[in-house]
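Colleague: Dropping a prediction and its sequence here:
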Amino acid sequence: LPPAAVAVVVPVHDEQDNVGPLLDEIHAALEGRVDFEVLFVDDASGDETLRRLHEACGAHPRLRVLRHLRNCGQSAAVVTGVRRASAPLVVTLDGDGQNDPADIPSLLERWQVESRAGSGEQALMLAGWRQQRRDHGLRRLSSRVANGFRARMLGDGTPDTGCGLKMFERELFLRLPHFDHMHRFLPALVLREGGRVISVPVHHRPRLRGQSHYGVWNRLWVGLVDVLGVMWLRRRIRLSPVEETPASAAER
């Protein structure tokens, strides 16, 4: 296969019934549009997730399967996938099937528009914005409270940081601090690096198969504590525009 232009990174844990349909949808959305690779990162699943991914490799030659030998969490799985990706541009998707891979082509189009309009030196992230959530009421409430608290404390200007559908440069991601739950704070971390974040409306679907791994505790309360850590990180970085002096350029 030629070098991929886009890497789709999907962290999964106990999603045996979702990996096959999701993989088919990713290929249907991107085949013939762009050179791509797909990296599923199995975070030490206890069900048949890994076996079903291996079975899918024959029909999907672009698929790469990575496995954590012990469970490390969603953020660690995303980090593993991005580190192992070969493409310069990365798209992340949740493994539960609620993000729609059909949104990826529109994100690619928006990326091209924004890249031409913006400064080539300023990093860019596109963050999915689920305007019509398809979750149960308690989950929507906990997300609304956590998003409101995060936005007030961090001022990241992002209405939905919890959406798993995001697009960013691999090089940018590798510069960010990596920690547990970091995937919920990617916009604030990108802003910390001097980049810009644009929220793009995307579809959201109900979970049809499997069980959610998040409840009120690990979606709301843990997230509130993490905000304090990200605030600490943001206060401890100093950025400045950089220019090359004429003398230095002349020496070349």
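Modeller: Looks like it arrived, so ask away.
Colleague: Model confidence score at Gln122, please.
Modeller: Predicted confidence (pLDDT) for Gln122: 85.
Colleague: I meant Ala117, not that one.
Modeller: Ala117 is given a pLDDT of 82.
Colleague: Show me where this structure has its strands.
Modeller: 6-12, 36-43, 63-68, 89-92, 124-130, 166-169, 196-202 (DSSP state E).
Colleague: how many degrees apart are the fifth one and strand 196-202 in direction?
Modeller: Between the axis of strand 124-130 and that of strand 196-202 there is an angle of 30 degrees, by axes from the mean of the first three to the mean of the last three CA atoms, to 10 degrees.
Colleague: mind checking how far the closest residue to Leu53 other than its chain neighbours is from Leu208?
Modeller: Leaving aside its sequence neighbours, Leu53 sits nearest to Val65 (CB to CB, 6 or more residues apart in numbering; 4.6 Å). C-beta coordinates here come from the backbone N, C-alpha and C atoms, glycine included. Distance, Val65 to Leu208, by CB to CB, to the nearest Å: 23 Å.
Colleague: Among the two, which residue is more densely surrounded?
Modeller: For the pair Val65 and Leu208, the greater number of neighbours falls to Val65 (17 against 11), based on other CB atoms under 10 Å.
Colleague: Tell me what that one is bridged to.
Modeller: Phe40 (DSSP bridges).
Colleague: which residues touch it?
Modeller: Residues in contact with Val65, defined by CB atoms under 8 Å, 6 or more residues apart in numbering, are Leu39, Phe40, Asp42, Leu50, Leu53, His54, Cys57.
Colleague: Most neighbours among the residues you listed, which one is it?
Modeller: Going by other CB under 10 Å, Phe40 tops the contacts of Val65 with 29 neighbours.
Colleague: residues in contact with that residue?
Modeller: Val10, Val12, Val19, Leu23, Leu53, Leu63, Arg64, Val65, Leu66, Gly81, Gly95.
Colleague: pretty sure the second one is touching Ala44, no?
Modeller: Meaning Val12. No. Val12 is beyond contact range of Ala44, at 10.4 Å (criterion: CB atoms under 8 Å).
Colleague: Which of these two has more residues huddled nearby?
Modeller: Taking neighbours as other CB under 10 Å, Val12 and Ala44 compare with Val12 leading, 25 against 15.
Colleague: Many thanks, have a good one.
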